[in-house]
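Student: pasting the sequence and the predicted model now:
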Amino acid sequence: MSIITLTTDFGTGSPYVAALKGVILSINPAATIVDLTHAVPAQDIREGAMVLDEVADRFPEGTIHVVVIDPGVGTDRAIVYARIGRQQFIAPDNGVLSRVLARTMALEVIRLENPAYWLDQISTTFHGRDIMAPVAAHLSLGVDPRELGPVHVPLGQLEWPRPIRQHDRVEGTVLKIDSFGNLITNIDAQTLLGRPMDGRACIVCNIYETWGIYQNYAEQPRGTLIALIGSGGCLELAIVGESAAERLGIEPGEPVVVAWE
Amino acid sequence: MSIITLTTDFGTGSPYVAALKGVILSINPAATIVDLTHAVPAQDIREGAMVLDEVADRFPEGTIHVVVIDPGVGTDRAIVYARIGRQQFIAPDNGVLSRVLARTMALEVIRLENPAYWLDQISTTFHGRDIMAPVAAHLSLGVDPRELGPVHVPLGQLEWPRPIRQHDRVEGTVLKIDSFGNLITNIDAQTLLGRPMDGRACIVCNIYETWGIYQNYAEQPRGTLIALIGSGGCLELAIVGESAAERLGIEPGEPVVVAWE
Amino acid sequence: MSIITLTTDFGTGSPYVAALKGVILSINPAATIVDLTHAVPAQDIREGAMVLDEVADRFPEGTIHVVVIDPGVGTDRAIVYARIGRQQFIAPDNGVLSRVLARTMALEVIRLENPAYWLDQISTTFHGRDIMAPVAAHLSLGVDPRELGPVHVPLGQLEWPRPIRQHDRVEGTVLKIDSFGNLITNIDAQTLLGRPMDGRACIVCNIYETWGIYQNYAEQPRGTLIALIGSGGCLELAIVGESAAERLGIEPGEPVVVAWE
């Protein structure tokens, strides 16, 4: 099996994505290449980190995830190979792996320094094409990661807000907006464990509030603001049949409180 | 052969699409996965139904089409397997298959109820990932559809406006706008059979009119409003080299009349 | 190996793209299909020509590039097969291949006239689906290009502005905006050969100027306008961490001058 996924901030439809695929297929024509997403906003390492956390582990063991969100391209930031849990990653060491690392320890981290597995000509502005893509292709052919360079220690971290659990409330934050406009928070089901999920739970975000944590989007009439545990396992706020982000004008970073009387 | 297509309303570039692919490849790493489209507007079952009708039958016999346009996720709406003509579908029974069913009878319909072919953990909000994707992957490995659940009868229908043929006119409706901004109507070539297609035919939509039904977009100068039979076999209105929808401000639902003196 | 890429102006997410894939897979279910891009603006042959020039040669030798940017569909414009360098192309003879042809001579050009390799039913408005896609699929199965039709001579050309090199300055043009908003010019590294790249070089575009040609985007603080040689080998203007096109309001066609005192 040789599955390689691509996560970039190039924009969906960018021909730069095709350049990565051309390079990979030139080295391993049998590789299965999957777009994880290319819609990460330009240079938005945090968004990239969240996407990887949500989706990477759905892929088969040994999948190689190439992550080209790389505002520091051409500087001395490291590009690393990292085996984390069942998955493999090739990414700049800039924090984009910090959320997958928060869940599972890296088993092996290598700094890409061996140009034998790169393209012959290396540009200063597109290491995704010239270094990361060819390394991924060689790995998919069975190259031992230890041939790619020396062991690497510092894995860049980003600060992620954690939910605060108090006796009568949980305080969290809107982490992201999904493509339906739902507000995904950092309050995971674990943090809510043992608390009532029925109408006694009051969820407040900005000037809006709603009671009870639902199971799905269809339980209330269209246009109703509801809270539920989303498919990623975290509390989210949604408006049935509409975009909550647009209707309420809420952006990532907005505080969310779940309170019980 | 094991081709699986994906049609969703997740938005092009959504990482939720990659989650479907990861699940499928975890079960059948050799599956060929094709994006049919992810640009269906959120929860727009009608648009999904039209897309399937236009494109699904272009795929090889036995292709498995997974359709995740599912506003009723988590309610008791059924998810079904349906063999329709040469194609196979996995979709909610909410009308999204109603246009392909209008052309060809379903040969076999099964309600997905056997969790042996689902993921171990089923969320309440993402049955595409947890039920439909794994079932499609198992089917592509040769599982007999009858193992997926019991025979299912009701296949949700939607009302579709039909063109009205009178002695001196045909009345129809703009069904959709394509990506070039052409206005695709529900008036198929069949309905126009035996009527003059030359300058005697007057096509009226809103306050605009044009004469004659052309063969292609290039016969008239840029900026001209023309009518022609499009690649899907239906009458469409186009402005040469521009977006008719934008220029004329027309939306789906607008009446279109073809009249002969 | 049977890799087929698709370049169209259908819009990312268009189901018409899936129609091409369905047709190809119906003929060669083992084909590897890669989206080069579908985000070329409608009927923008020049943009298509630039994309092919940037990306096509990254693919393995013998890759078949299908290019459906075809405003003349249904007229008597030719559709051709062309072997250019290591790559193969199927495209309308409308200039979309003019940039790859400026670099490398076509080794073999055939006009597609043999309907034995087309779909049975040919629409007048979608030759990408009915002629180009099936021909590509047959080629990928080993059909000899000479069976597709007669030798074809005229390959449509477009005028491309060339940089002008004078003793104390080079004059060029913004050719395109990339997905990060960088302004890509037609001034290639070759044209700058032997000239100082340090602070003595003054780059002027509209009312904006900057000094020195950098190696990458990260050398200056966020918000700084810089010039650098991009990954395609041409001079580009960028604003660190932002979209230069948006911030400066510059569009393709804008003159760019590099001057030395």
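Tutor: Yep, that arrived. Numbers count the residues shown, from 1 in each chain, chains lettered A, B, ... in the order given.

Student: CA atoms for contacts and neighbours, from now on please.
Tutor: Fine.

Student: for the stretch 151-261 of chain A, which residues are neighbours of chain B?
Tutor: Proximity of the stretch 151-261 of chain A to chain B (Cα under 8 Å from any Cα of the partner chain) is limited to residues A:179-180, A:215-219, A:230-231, A:241.

Student: residue A:99 should be in a helix, yeah?
Tutor: Yes: using DSSP: H, G, I helix; E, B strand; the rest coil, the assignment for residue A:99 is a helix.

Student: from residue B:46, how far out is it?
Tutor: 38 Å (Cα to Cα, to the nearest Å).

Student: can you check residue A:229 too?
Tutor: Using Cα to Cα, residue A:229 is found at 28 Å from residue B:46.

Student: now residue A:13
Tutor: 26 Å.

Student: go on, residue A:52?
Tutor: Distance, residue A:52 to residue B:46, by Cα to Cα: 32 Å.

Student: again, but for residue A:197
Tutor: Distance from residue A:197 to residue B:46, by Cα to Cα: 35 Å.

Student: likewise residue A:14?
Tutor: Distance of residue A:14 to residue B:46, given as Cα to Cα: 29 Å.

Student: name the residues that touch the helix or strand hosting residue A:83?
Tutor: For residue A:83, the host element (DSSP states H and E) is strand A:79-84. Under the contact criterion Cα atoms under 8 Å, 6 or more residues apart in numbering or on different chains, strand A:79-84 has outside partners A:88-93, A:100-101, A:104-112, A:132, A:145, A:152.

Student: ok, now stretch A:145-163?
Tutor: Taking Cα under 8 Å, 6+ apart as the rule, stretch A:145-163 contacts A:46, A:80-81, A:93-98, A:108-114, A:117, A:135, A:139, A:170-173, A:186-187, A:191.

Student: quick one: buried ones out of those residues?
Tutor: Listed as buried from the contacts of stretch A:145-163 are A:46, A:80-81, A:93-98, A:108-113, A:117, A:135, A:139, A:170-173, A:186-187; burial here means 16 or more other Cα atoms under 10 Å in any protein chain shown.

Student: now, which of those residues lie within strands?
Tutor: Using DSSP state E, the subset of these located in strands is A:80-81, A:108-111, A:170-173, A:186-187.

Student: hmm, which two among the residues you listed are most spread apart?
Tutor: Taking Cα to Cα as the measure, those span a maximum distance of 39.9 Å, between A:111 and A:170.

Student: can you pull out the strands in the stretch 151-261 of chain A?
Tutor: A:164-165, A:169-177, A:183-188, A:201-205, A:208-211, A:213-214, A:225-229, A:234-239, A:255-260 (DSSP state E, counting those that start in this stretch).

Student: how far away is residue A:17 from chain C?
Tutor: 8 Å (Cα to the nearest Cα, to the nearest Å).

Student: so what's that residue closest to, chain neighbours aside?
Tutor: residue A:10 (7.1 Å; Cα to Cα, 6 or more residues apart in numbering or on different chains).

Student: OK, contacts around that neighbour?
Tutor: Counted by Cα under 8 Å, 6+ apart, residue A:10 has contacts A:16-17, A:38-40, A:42, C:179-180.

Student: where is pLDDT lowest across those?
Tutor: In terms of pLDDT, the lowest of these is residue C:179, showing 84.

Student: report how many residues lie close to that residue.
Tutor: Counted with other Cα atoms under 10 Å in any protein chain shown, residues neighbouring residue C:179 total 18.

Student: send the alpha carbons of the lengthiest helix in chain A over as PDB?
Tutor: The residue-count maximum for a helix in chain A (DSSP state H) belongs to helix A:15-27. C-alpha atoms of helix A:15-27 as PDB (Å, rounded to 0.1, in the frame of the first residue of the first chain):
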ATOM      1  CA  PRO A  15      -2.100  24.000 -10.300                       C
ATOM      2  CA  TYR A  16       0.700  24.000  -7.700                       C
ATOM      3  CA  VAL A  17      -1.100  21.000  -6.200                       C
ATOM      4  CA  ALA A  18      -0.800  19.200  -9.600                       C
ATOM      5  CA  ALA A  19       2.900  20.000  -9.500                       C
ATOM      6  CA  LEU A  20       3.200  18.000  -6.300                       C
ATOM      7  CA  LYS A  21       1.300  15.100  -7.800                       C
ATOM      8  CA  GLY A  22       3.400  15.200 -11.000                       C
ATOM      9  CA  VAL A  23       6.600  14.900  -8.900                       C
ATOM     10  CA  ILE A  24       5.200  12.100  -6.800                       C
ATOM     11  CA  LEU A  25       4.000  10.100  -9.800                       C
ATOM     12  CA  SER A  26       7.300  10.600 -11.600                       C
ATOM     13  CA  ILE A  27       9.000   8.700  -8.800                       C
END
